[in-house]
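Colleague: Sequence and predicted structure, then a few things I'm wondering about:
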Amino acid sequence: MNYFPLLFFLCFSCQTSYSQKNKQEGNVLPTGVIKEKRMYIFARGTTSKSTLISHKFNYSDTNITHIGIGYSAKGKVLIYNVIDNGNSLGSALVIDSISSFIESEDVFYFSIWEYANSKAVYPKLIRALKAVAKKKIKFDSFFSLNNNALYCSEFCYKILATISLLKRNYFPRTLNLDNELYEKILNRKVLHYFPVDFFQTGSVFTKIFEIHL
C-alpha cells in the first residue's frame with residue numbers, strides 16, 4: 001500500500017524577503033531572538049503540503065505544516081523533530097539547526113514560539129530530549145495515537161506532557177475525514193490526532209518570531 005499521500009498532511013507580522021544563501025546559512029533571525037535556557041517550538045511551512053495540511057487539518061494556522069521542539073545552548077540551536085525519512089541510524093528523529101530545518105527551497109514560512117515558564121522546565125526538557133535521542137523512533141504513517149510510532153506534532157506533545165504535565169492544556173482533535181482516499185488508507189472515517197498547530201490552542205506559548213521566506 002502506498003502511504004505517500006498521508007505525508008502531505010499532519011507532518012503536515014514580519015514579511016521579509018531573504019536570498020537562498022541567507023536561508024541556507026540560517027541568517028533569518030535578528031540578534032537576541034533566541035535566548036539560552038529557554039524552550040521553543042519551531043515551525044515551518046512547505047508549499048507542497050500547505051494547501052492540504054494547513055487549510056484542512058490544522059486548527060487555524062494556515063502556514064505551518066511541520067514542527068519541532070528545542071533550545072539554544074552555547075549559541076547553538078538544536079531542533080528535535082520527527083520526519084518520515086529519518087536519520088542515518090534509521091530513526092525518524094532528527095536534530096536540526098535552524099539552517100537545516102529551513103534549508104529546502106520548498107520552505108516558505110518559519111516561526112518560533114517560546115514557552116512562558118521556560119526556566120522552570122528547561123532542565124526537564126534537556127533530560128527528556130537526551131533520553132529520546134537514544135531511542136530509535138519509528139515514523140507513524142497511520143497517524144495513530146495507539147501505537148509506539150510518532151509523527152511530528154505527536155512527538156512534540158509527548159515531550160511537553162513529559163516535562164510539564166501539559167495534558168491538562170492540550171487534547172487530540174477529532175476530525176471526520178470525509179475523503180474516500182484517506183478513509184481507505186487509514187482504514188477509518190474519523191481521525192483522532194494532534195494538528196501541527198495544537199500548541200497554539202493554549203496560552204503558554206508566545207510567538208516571538210515569524211517570517212515568510
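Modeller: Structure received.
Colleague: list the contacts for the residue sitting nearest the centre point of the chain?
Modeller: Taking CA atoms, centre = their mean as the criterion, I67 is the residue nearest the geometric centre of the chain, at 1.2 Å. Taking CB atoms under 8 Å, 6 or more residues apart in numbering as the criterion, I67 is in contact with 41-44, 81, 152-153, 156, 196, 199. Every residue, glycine included, has its C-beta placed from N, CA and C.
Colleague: Let's see that with 6 Å instead.
Modeller: The neighbours of I67, taking CB atoms under 6 Å, 6 or more residues apart in numbering as the test, are 41, 43, 152-153, 156, 196.
Colleague: What is the nearest of those to S118?
Modeller: Sorting the contacts of I67 by distance to S118 puts I41 at the head of the list, at 11.3 Å, by CB to CB.
Colleague: what sits opposite that closest one in the beta ladder?
Modeller: Partner residues in beta bridges with I41, using DSSP bridges, are I69, W113.
Colleague: my guess is it meets W113, correct?
Modeller: Yes. Distance between I41 and W113: 4.2 Å, which falls inside the contact criterion (CB atoms under 6 Å).
Colleague: so what sits against both of these two?
Modeller: Taking CB under 6 Å, 6+ apart as the contact criterion, the common neighbours of I41 and W113 are F205.
Colleague: Can you say which helix or strand has the residue nearest to the centre of the chain in it?
Modeller: Applying DSSP states H and E as the criterion places I67 in strand 66-73.
Colleague: Tell me the first helix or strand C-terminal of that strand.
Modeller: Once the chain leaves strand 66-73, the next helix or strand it forms, by DSSP H and E, is strand 76-82.
Colleague: how about that next one: buried residues?
Modeller: Buried residues in strand 76-82, counted by 16 or more other CB atoms under 10 Å: 77-82.
Colleague: ok, K207 touching Y115?
Modeller: No. Taking CB under 6 Å as the definition, K207 is not a contact partner of Y115, at 11.7 Å.
Colleague: More neighbours: which of the two?
Modeller: Ranked by neighbour count (other CB atoms under 10 Å), K207 and Y115 place Y115 first, with 24 against 14.
Colleague: hey, which helix is longest across the chain?
Modeller: In the chain, taking DSSP state H as the definition, the longest helix is helix 118-133.
Colleague: Report the angle between that one and strand 76-82.
Modeller: Inter-element angle recorded for helix 118-133 and strand 76-82: 60 degrees (by axes from the mean of the first three to the mean of the last three CA atoms, to 10 degrees).
Colleague: And N146, what's its pLDDT?
Modeller: As predicted, N146 sits at a pLDDT of 89.
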